[in-house]
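Student: Build me a model:
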Amino acid sequence: MIQVFRPWFDEREEEAVLDVLRSGWIGLGPKTAEFEQKFAEYVGAGYAVAMNSGTAALHLALLALGIGPGDEVLVPTITFVSTAHVVEYCGAKPVFVDVEPDTLCIDVDDARRKLSRQVKAVIPVHYAGHPCNLVKVAGLIVSNGLTVVEDAAHACGAEFRGLRIGSGNLRSSDECKVVNFSNWLIAFSHHAVKNLTTGEGGTVTTSDPAIAENLRRLRWCGIDKSTWGRTEEVKEGTRGQYGKYGWYYEIDRLGYKCHMSDLNAAIGLVQLEKLEVSNIMRRSIVDHYQDAFADLEWLERPVEKNYCKSSWHLYHIKLEKPEYRDRLNLFLRDRDIATGVHYMPLHLQPYYRDQGQPVLPVAEDVWRRILTLPLYPGLTMDEVEQVVEGVREFGRTL
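Tutor: Below is the predicted model:
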């Protein structure tokens with residue numbers, strides 16, 4: 001079976017994990033700190049704080065921005081469920097927003113229509129690795145005093161206006177000079193099938209040192225010093241009666257157990273070195289798909305706007321008719337080709353549907369026609385051709 005996703009590992013990840021195992025330190029430690037530093041440098045951010053999942057990254061980012069009970073957060077309806085669930089983890093309410101028909105990114109105009117006095121934040125999702133229009137998002141938040149958490153789960157290596165997602169990449173934009181980037185965080189996922197995987201993990205990037213420090217404490221049970229930090233020399237007299245002892249730490253807030261481990265970070269460091277090459281390999285496969293499907297009138301190919309560079313986490317096609325999607329899914333499965341649907345709109349899922357969520361016409365139409373085809377760096381050209389021929393063969397049955 002040709003999978004939809006597959007991580008791209010080799011002996012380098014194996015050796016990195018073995019080195020950590022042999023070191024005797026596998027928890028939150030020096031490899032995690034190294035990964036944070038190098039990831040921040042890669043995306044161009046001031047600070048990066050590594051978590052144990054992309055869900056935790058979104059959750060703690062919202063908490064760091066003060067989102068809590070009584071607040072509402074704008075969330076695009078076509079996204080993985082964590083994007084909405086984390087809002088509820090904070091005691092707030094997700095308000096679902098429609099998506100653009102071509103990119104499936106958040107429809108900022110619809111977001112503006114959903115504004116109320118209770119709305120305190122927006123989570124724009126870079127769907128499939130295609131950055132949403134962050135200038136339009138900035139215009140929304142500047143005029144309404146909102147905070148932002150970019151959901152960059154799909155977007156490792158993607159760019160907006162020539163700068164990498166995660167950098168706080170509107171800083172040089174004339175339209176956005178009044179944006180308070182201390183209230184704008186970016187959350188990544190390093191789940192098993194993401195462009196940069198750590199096995200499982202996530203990262204939040206920020207330009208604000210105080211928010212970075214808050215995130216570090218939130219991810220480690222509210223403790224002001226990591227276990228690794230407690231092994232380092234402590235200057236006498238700096239922290240009261242027990243300040244000179246390495247065992248001493250303080251807890252000054254409610255925190256969570258959400259930090260990354262050095263085992264995960266070791267994988268992530270290798271994956272970071274490979275990211276540019278692996279994303280080029282993804283783009284090469286996408287280019288092949290785009291050319292191969294150009295003449296198929298019953299199929300709409302994904303787009304890439306001129307203001308951005310996609311990381312191509314997903315390659316999703318839109319079928320002319322809903323029944324084509326499900327028939328093609330089964331047709332390809334019979335030929336040992338797996339496909340997926342990303343995603344059924346969250347406002348249609350039973351948990352959120354029962355809360356009386358709104359009608360969102362674009363999402364409700366397009367989700368019934370989208371299908372994700374296999375895309376990952378280890379996909380061979382023979383396998384790509386097998387996918388192409390399967391799709392074209394299905395077209396001959398219509």
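Student: how about A57, secondary structure?
Tutor: Classification of A57 using DSSP: H, G, I helix; E, B strand; the rest coil returns helix.
Student: swap in T205?
Tutor: Going by three-state DSSP: T205 is strand.
Student: Can you list phi and psi of the nearest residue to it once chain neighbours are set aside for me?
Tutor: Excluding the flanking residues, the one nearest T205 by CB to CB, 6 or more residues apart in numbering is A45, at 3.7 Å. From N, CA and C alone the C-beta is placed, and that goes for glycine too. With angles defined as degrees, to the nearest 10, A45 sits at phi -100, psi 160.
Student: these two touch, right, A45 and D208?
Tutor: No - A45 is beyond contact range of D208, at 10.4 Å (criterion: CB atoms under 8 Å).
Student: More neighbours: which of the two?
Tutor: A45 (24 against 19; other CB atoms under 10 Å).
Student: Could I get the contacting residues of that one?
Tutor: 39, 166-168, 186, 205-207 (CB atoms under 8 Å, 6 or more residues apart in numbering).
Student: how near is it to E393?
Tutor: 46 Å (CB to CB, to the nearest Å).
Student: gap between the two ends of stretch 119-126?
Tutor: 21 Å (CA to CA, to the nearest Å).
Student: Can you get me a residue count around K136?
Tutor: By other CB under 10 Å, neighbour count at K136 equals 17.
Student: again with V17
Tutor: Neighbour number of V17 under other CB under 10 Å is 19.
Student: Could you grab the helix/strand/coil label for it?
Tutor: helix.
Student: L371 now?
Tutor: strand.
Student: Would you mind confirming that it makes contact with I317?
Tutor: Yes - at 5.7 Å, L371 counts as touching I317 under the criterion of CB under 8 Å.
Student: Please identify the buried residues of the lengthiest helix in the chain?
Tutor: For the chain, the helix with the greatest residue count under DSSP state H is helix 262-292. The neighbour-count check on helix 262-292 (16 or more other CB atoms under 10 Å) flags 262-272, 274-275, 278-279, 281-282, 285-286, 288-289, 292 as buried.
Student: before we move on, what about stretch 336-356?
Tutor: 337-340, 342-343, 345-347, 352.
Student: Counting neighbours, which bits of stretch 45-55 end up buried?
Tutor: In stretch 45-55, counting by 16+ other CB under 10 Å, buried: 45, 47-55.
Student: An error on my part: the question was meant for stretch 210-217.
Tutor: So, applying 16+ other CB under 10 Å, buried residues of stretch 210-217: 211-212, 214-217.
Student: tell me the mean pLDDT for that stretch?
Tutor: Mean pLDDT, stretch 210-217: 97.
Student: can you give me how far that stretch is from the chain middle?
Tutor: 20 Å (CA atoms, centre = their mean, to the nearest Å).
Student: which residues sit against it?
Tutor: Residues contacting stretch 210-217 (CB under 8 Å, 6+ apart): 46-47, 49, 60-61, 64-65, 182, 185, 204, 206, 223-224, 226, 252-253, 255.
Student: got the CA coordinates for that stretch in PDB?
Tutor: The C-alpha coordinates for stretch 210-217 follow below in PDB (Å, rounded to 0.1, in the frame of the first residue of the first chain):
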ATOM      1  CA  ALA A 210       8.900  37.300  28.800                       C
ATOM      2  CA  ILE A 211       6.400  35.200  26.900                       C
ATOM      3  CA  ALA A 212       9.100  32.700  26.100                       C
ATOM      4  CA  GLU A 213       9.900  32.400  29.800                       C
ATOM      5  CA  ASN A 214       6.300  32.000  30.700                       C
ATOM      6  CA  LEU A 215       5.900  29.200  28.100                       C
ATOM      7  CA  ARG A 216       8.900  27.400  29.600                       C
ATOM      8  CA  ARG A 217       7.300  27.500  33.000                       C
END
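Student: Model confidence for S310, exactly?
Tutor: Residue-level pLDDT assigned to S310 equals 98.
Student: rewinding a little: could you dump the buried residues of stretch 210-217 to a markdown table with distance to L296?
Tutor: Below are the buried residues of stretch 210-217 laid out as a markdown table (distance: CB to CB, whole Å):
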| residue | distance to L296 |
| --- | --- |
| I211 | 47 |
| A212 | 48 |
| N214 | 50 |
| L215 | 46 |
| R216 | 50 |
| R217 | 53 |
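Student: nearest to D326, of those?
Tutor: L215 (42.1 Å; CB to CB).
Student: Now intersect the buried residues of stretch 45-55 with the strands, please.
Tutor: Under the assignment DSSP state E, those contribute 47-51 to strands.
Student: neighbours of D10, just the number please.
Tutor: Neighbours of D10 (other CB under 10 Å): 10.
Student: now for the strand or helix carrying L328, which elements pack on it?
Tutor: For L328, the host element (DSSP states H and E) is helix 322-333. Contacts defined by 3 or more CB pairs under 8 Å, 6 or more residues apart in numbering; DSSP states H and E place helix 322-333 against strand 370-373, helix 381-395.
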